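A.B. asks: compute the structure for the input listed below.
(one chain, ligands or ions: 3)
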Amino acid sequence: MKQKLKLTRRQFLKASAAAAALAGTAGATRYFIPKAGATGTRANKEVQYVRTTCSPNCTLACGIRAMVVDGQIKALLPSNDYPEPEYGPRGCLRGLSFTNLIYGPDRVKKPLIRTGDRGKGEFKEVSWEEALDYTAGRLKEIAAKYGPESIGFIFQVGGTGHVQKGAWIALATLAGWSLIHPYDQNGDLPMFWPMTFGVQSEELEPLEWLNSRYIAIFGSNVLVTRLIDADLLIKARNNGARVVVFDPNYSPTAAKADEWVQLKPSSDAALALGIARIIVAEKLYDVDFIKTFTDLPLLVRLDTHKRLRAQEVRGLEPPPGLPAYREAFVAYNGRPLAVHPEKLDLPADVLLEGEVEVELRDGQRVTAKPIFQLLQEQLGRYTPAYVAQETGVPAATVVRLGREMALAKPLNVIYGASNYQWYHGDLKGRALALLPVLTGNIGKPGAGISTYAGQYKIRFDVQDWWFPKAPRWVPWLYILHGPTTSMTAPWPRNSLKALIYGWGNPLDQHNMADRLRQMALKNELELIVGLDFSLTTSCRYSDVVFPAATWYEKTELVTTPLHPYIQLQQPAIKPLYESHSELWMARELARRLNPEFEAHFFPGQEENQAAEKAIELLLAKGGPPVAGITLEQLKKGPVRVHSEAPGDRQIPFYEQVQFKKPFPPVSRPAALAATARFVKSGRIEFYKEEDTFIQLGETLPVHKPPFNESEYALNPQVKGKYQFAYITRNSLYRVHSTHSNNIWMNELQDYRPRVFLNPEDAAAKGIKEGDMVEVYNDRGRVRGYVALDPGQGRQVVVFEQGWWSRYLDGNFYNSLTYPFIKPTHEVYFTPGIWAPNTAWNEALCDVRKVGEGQ
Ligand SMILES: Nc1nc2c(c(=O)[nH]1)N[C@H]1C(S)=C(S)[C@@H](COP(=O)(O)OP(=O)(O)OC[C@H]3O[C@@H](n4cnc5c(=O)[nH]c(N)nc54)[C@H](O)[C@@H]3O)O[C@H]1N2
Ligand SMILES: Nc1nc2c(c(=O)[nH]1)N[C@H]1C(S)=C(S)[C@@H](COP(=O)(O)OP(=O)(O)OC[C@H]3O[C@@H](n4cnc5c(=O)[nH]c(N)nc54)[C@H](O)[C@@H]3O)O[C@H]1N2
Ligand SMILES: [Mo]
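C.D. replies: Ligands and ions are numbered 1, 2, ... in the order given. Sure, this is the predicted structure:
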């Protein structure tokens, strides 16, 4: 067993050179990066600056100026050209050192076909002709044998590239392959959104934080994961907003807050419900708001636990002509009222509390209660004493926080990804949503609830470029877990036999319980094709690798859920070596699969010209968010995406609340019909009546502690055996696994993966600062060096996700995680909107010093 994990700089360079040799690219790549300002000494050379974007999945989408001399990028510099100066300057050390990847030793230079065993990284370099013919041939074979739907394509977050990703999505739909949506695959889909608001997810733009008076952050590490926009949080605080961070660990964000509330992992729902109890008990809620915009006045039958429908009640008729995704439910003000699902108005005297008897059409009399009454009863349990016991937050603090949050307006709740990447993340979100909704903090400047996860958001219509035919989707978790009896998603009749991935590194990032690796090693996946510019772990398991152009070598259209701009990624240099843009690859493959497919990809056009054509199409057909925006405008700089709020600000549900439009707004690219069925009342819904929610006791938000329905249900024996939560938060030094091999970033970390532990937990195990430890469970293990942190929660191991397996002694940090599927996520299937979401943090483990007990 290898004891030394640490790579010295020399070993690292050797390893990098070896990787280069494997790709057939041996030889020193010399690159020279002059300091900004050095241009004066190079006056005889032409220096060009190209305005483009940094496009990893970090949600920041920073505008970048690439400084180019003699066809080489000499420096990447921050941009500062946003109409709102608050959004500039943008660009962090990761992005500015991306040249280490463009010109680095892991760059894939030519098409590769595997020669050795999967995972060994042994390839031969081939011509494009050979690589494309081979791939097309294998894909045709697999499609003929198992059906085209047994070929899966994962494309990763759409917002970082509508054109190049769109090309492959289009190819997949034309060829009938299964598409895999990255949003639920990544665990980034906060399922409370479709359940409560009927949308994929929403967020305030960071400039709106300046309008907030109270910012309650539940497990979002803004200072690290929204680095460039984090100064707006500090500014908001300097303007007088109170910033409170709820986190089991003292994070950099907690360090900048007015208050850090340490709570037990995955206990946020208990706290939120405790706060909601105070808001309700002390009548601090906004009565008009909840009557107008929520389902709280609607009646629920006590016999069936379903909402009472207008057509069930004697003397009531549902309004005529409702779309199929709407239903008219019933409220009460001395008599039953049919509630129109598209008109947000109810009489002021509508009942919120108590119990009524209603006569049905058949003469039967049933008892019903308004949802507000049921909620009030449910909240009764969440006394400060109970909340203190479940969360570890002192009872007096719970009471104080409840009153503070009820009275502060605008209240802005930020619900972080790590926090909802738990099995009961949906329940936590439904409970947290009560805070802004009960207090009327929705649809107003500086107010609301936001989840800032990856750059997934599709802000405008992409239909014409992405979906020339109706797409077919498969949720990722079924690929790892296997289909379930309760699934509503389609499943390929011969399961998945081939995987094509681009813009992602699934072998490190999505390899739960080592499942994907086993699928590769056992040849369950007969073909694996990767598109990347770096020879990642996933590439090493692939049969074919297509060398992709980096962000600085191709044309793309980029957006983010943070600053709401649409930006052009413009090539600063030509694609290096034999790399090409993905649109080019898709077109070449399309032609080989079926000559008719090629027409979609602007045949005959040079690849950047074709990309520009696609952009023109996207802008022309993109609908109101991009109306009037032109390619020429984008070439000059970033352009704000349009919204219905003044100044095109991004304020979720502004139209619903200000103009009384029914919920939900559209979640692109889905049709309204696909998402509005989640909230049939046209209102914000806290009551879910579908059978699965009833069976699980989750009709209303409730706190359920972690692990009971996941780890202990999977294997009761782990109870007591593994008592540490394995939290894999995001790293400052990487964007997921991108930059894992960035030499500057690794020097900053001394090439050491860290395992963060509370000093008391470590002492109990005889572990000291700097010790090499193994974090393990029955599924896998990972190693790193201990960093003791007194601010860290007890019985929590933090391992920062994103290390390539080669830095982990060949282990996979995700081998400890597991693809749990929560049945409430299976009630509907709308890809990336209502789908089983990955719960990275729902994993138990233990930790030991390396060399002990193995
Ligand atoms: N530098 C950098 N920035 C990134 C990324 C990156 O890889 N690197 N990735 C981007 C992407 S795609 C995403 S999805 C986001 C994710 O960004 P965030 O939402 O900020 O997620 P994390 O950094 O994983 O974790 C945030 C905090 O959640 C806390 N936490 C964990 N479990 C719980 C819990 O049960 N309750 C509470 N209250 N807190 C908990 C952790 O201790 C941690 O401090 O970051 C984006 N930004
Ligand atoms: N245990 C655990 N696992 C996690 C997480 C966690 O918190 N814990 N976080 C999850 C989350 S939130 C996310 S979003 C995922 C992210 O996981 P992935 O989406 O797999 O992200 P990366 O690891 O950054 O992989 C991106 C890859 O795409 C390549 N790439 C970048 N740009 C381009 C391009 O233009 N073209 C092509 N062809 N390739 C490109 C990069 O070189 C890199 O290899 O990880 C998830 N995995
Ligand atoms: Mo993410």
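
A.B. asks: so this structure: which segments form each domain?
C.D. replies: Per automatic domain parsing, the domain ranges recorded for the chain read 9-33+43-102, 112-180+461-496+507-523+552-558+565-631, 194-354+370-454+678-695, 711-849.

A.B. asks: mean neighbour count, mean pLDDT and distance to ligand 3 added to these, as CSV?
C.D. replies: Just so you know, the C-beta spots here come from the backbone N, C-alpha and C atoms, and that holds for glycine as well. Rendered in CSV, the data for those read as follows (neighbours: other C-beta atoms under 10 Å; pLDDT from 0 to 100; distance: least, C-beta to the ion, whole Å):
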stretch, mean neighbour count, mean pLDDT, distance to ligand 3
domain 9-33+43-102, 18, 79, 6
domain 112-180+461-496+507-523+552-558+565-631, 20, 97, 8
domain 194-354+370-454+678-695, 21, 97, 3
domain 711-849, 20, 97, 7
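
A.B. asks: could I get these as CSV with distance to residue 670?
C.D. replies: As requested, these are exported to CSV (distance: least, C-beta to C-beta, whole Å):
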stretch, distance to residue 670
domain 9-33+43-102, 21
domain 112-180+461-496+507-523+552-558+565-631, 11
domain 194-354+370-454+678-695, 8
domain 711-849, 6
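
A.B. asks: for ligand 1, find the nearest of the ones you listed.
C.D. replies: Nearest of those to ligand 1, taken as C-beta to the nearest ligand atom: domain 194-354+370-454+678-695 at 2.3 Å.

A.B. asks: on that earlier part again, which among the domains of the chain is found nearest to residue 672?
C.D. replies: domain 194-354+370-454+678-695 (7.6 Å; C-beta to C-beta).

A.B. asks: wasn't residue 316 part of a strand?
C.D. replies: No - according to DSSP: H, G, I helix; E, B strand; the rest coil, the state of residue 316 is coil, so it is not within a strand.

A.B. asks: what residues are up against it?
C.D. replies: Residue 316 makes contact with 310, 330, 336, 337, 338 under the criterion C-beta atoms under 8 Å, 6 or more residues apart in numbering.

A.B. asks: where does the residue of the chain positioned farthest from its centre land on pLDDT?
C.D. replies: Seen from the C-alpha centroid of the chain, the residue lying at the greatest distance (C-alpha atoms, centre = their mean) is residue 363, 49.7 Å away. Note on residue 363: pLDDT of 97.

A.B. asks: helix/strand/coil for it?
C.D. replies: Using three-state DSSP as the criterion, the local structure at residue 363 reads coil.

A.B. asks: can we start the residue count at 762 from this point?
C.D. replies: Let's use 762 as the start, then, which means that last one is residue 1124.

A.B. asks: coming back round to it: what's the closest of the contacts of residue 1077 to ligand 2?
C.D. replies: Minimum distance to ligand 2 across the contacts of residue 1077 is 41.0 Å, recorded for residue 1091 (C-beta to the nearest ligand atom).

A.B. asks: could you check how far the residue positioned nearest the centre of the chain is from ligand 2?
C.D. replies: Computing the C-alpha centroid of the chain and ranking residues by C-alpha atoms, centre = their mean puts residue 949 first, at 2.5 Å. With distances defined as C-beta to the nearest ligand atom, to the nearest Å, the gap from residue 949 to ligand 2 amounts to 5 Å.

A.B. asks: name the nearest residue to that residue, sequence neighbours excluded.
C.D. replies: In space, and not counting its chain neighbours, residue 949 is closest to residue 1214: 3.5 Å by C-beta to C-beta, 6 or more residues apart in numbering.

A.B. asks: next one: residue 1195
C.D. replies: Closest residue in space to residue 1195, ignoring its immediate chain neighbours: residue 1037 at 4.3 Å, by C-beta to C-beta, 6+ apart.

A.B. asks: check which helix or strand the one you found maps to.
C.D. replies: Taking DSSP states H and E as the criterion, residue 1037 maps to helix 1029-1042.

A.B. asks: which neighbouring elements make contact with that helix?
C.D. replies: Packing partners of helix 1029-1042 (3 or more C-beta pairs under 8 Å, 6 or more residues apart in numbering; DSSP states H and E): helix 1132-1140, helix 1145-1152, helix 1156-1168, helix 1186-1199.

A.B. asks: and the first one with helix 1186-1199, angle?
C.D. replies: Angle, helix 1132-1140 to helix 1186-1199, by axes from the mean of the first three to the mean of the last three C-alpha atoms, to 10 degrees: 120 degrees.

A.B. asks: do the same with the shortest one
C.D. replies: Relative orientation of helix 1145-1152 versus helix 1186-1199 (the same axes, to 10 degrees): 140 degrees.

A.B. asks: quick one: the closest residue in space to the residue farthest from the centre of the chain that isn't next to it in sequence from residue 1098, how far?
C.D. replies: Counting by C-beta to C-beta, 6+ apart, residue 1124 lies nearest to residue 1075, which is 7.5 Å off, once chain neighbours are set aside. Shown here: residue 1075 relative to residue 1098, a distance of 13 Å by C-beta to C-beta, to the nearest Å.

A.B. asks: which neighbours do these two share?
C.D. replies: Taking C-beta under 8 Å, 6+ apart as the contact criterion, residue 1075 and residue 1098 have no common neighbours.

A.B. asks: can you point me to the longest helix in the protein?
C.D. replies: helix 889-907 (DSSP state H).

A.B. asks: hmm, who's touching it?
C.D. replies: The set of residues that contact helix 889-907 without belonging to it, under C-beta under 8 Å, 6+ apart, is 872-874, 887, 911-912, 936-937, 1253-1255, 1258-1259, 1287-1288, 1290, 1304-1305, 1307, 1339, 1341, 1346, 1349-1350, 1353-1354.

A.B. asks: after that helix comes which helix or strand?
C.D. replies: Stepping forward along the backbone from helix 889-907, the first helix or strand reached (DSSP H and E) is strand 912-915.

A.B. asks: list the contacts for the residue nearest to residue 949?
C.D. replies: With C-beta under 8 Å, 6+ apart as the criterion, the residues that contact residue 1214 are 820, 944, 947, 949, 950, 951, 962, 1178, 1322.

A.B. asks: flag every residue of this structure that's near ligand 2.
C.D. replies: 818, 917, 947-949, 1178, 1215, 1263-1267, 1270, 1292-1295, 1297, 1309, 1312, 1343, 1489, 1496-1499, 1562, 1575, 1578, 1601 (C-beta under 6 Å from any ligand atom).

A.B. asks: just the ones in strands from the residues you listed, please.
C.D. replies: Among the residues of the chain next to ligand 2, DSSP state E puts 1263, 1292, 1293 in strands.

A.B. asks: distance to ligand 3 for the residues you listed - can I get that in CSV?
C.D. replies: Conversion of those to CSV gives the following (distance: C-beta to the ion, whole Å):
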residue, distance to ligand 3
1263, 16
1292, 19
1293, 18
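
A.B. asks: highest neighbour count among the residues you listed?
C.D. replies: Of those, residue 1292 is surrounded by the most neighbours, 26 neighbours in total, counting by other C-beta atoms under 10 Å.

A.B. asks: for it, give me its contacts.
C.D. replies: Under the contact definition (C-beta under 8 Å, 6+ apart), the residues listed for residue 1292 are 929, 1261, 1262, 1263, 1264, 1306, 1307, 1309, 1343, 1346.

A.B. asks: find me the pLDDT at the nearest residue to the fourth one once chain neighbours are set aside, would you?
C.D. replies: Leaving aside its sequence neighbours, residue 1263 sits nearest to residue 1292 (C-beta to C-beta, 6+ apart; 3.6 Å). The model reports residue 1292 with a pLDDT of 98.

A.B. asks: bridging residues for residue 1292?
C.D. replies: With DSSP bridges as the criterion, residue 1292 is bridged to residue 1263, residue 1307.

A.B. asks: residue contacts, residue 944?
C.D. replies: If a contact means C-beta under 8 Å, 6+ apart, then residue 944 has 918, 950, 961, 1214, 1215, 1217, 1593, 1594, 1596 as its contacts.
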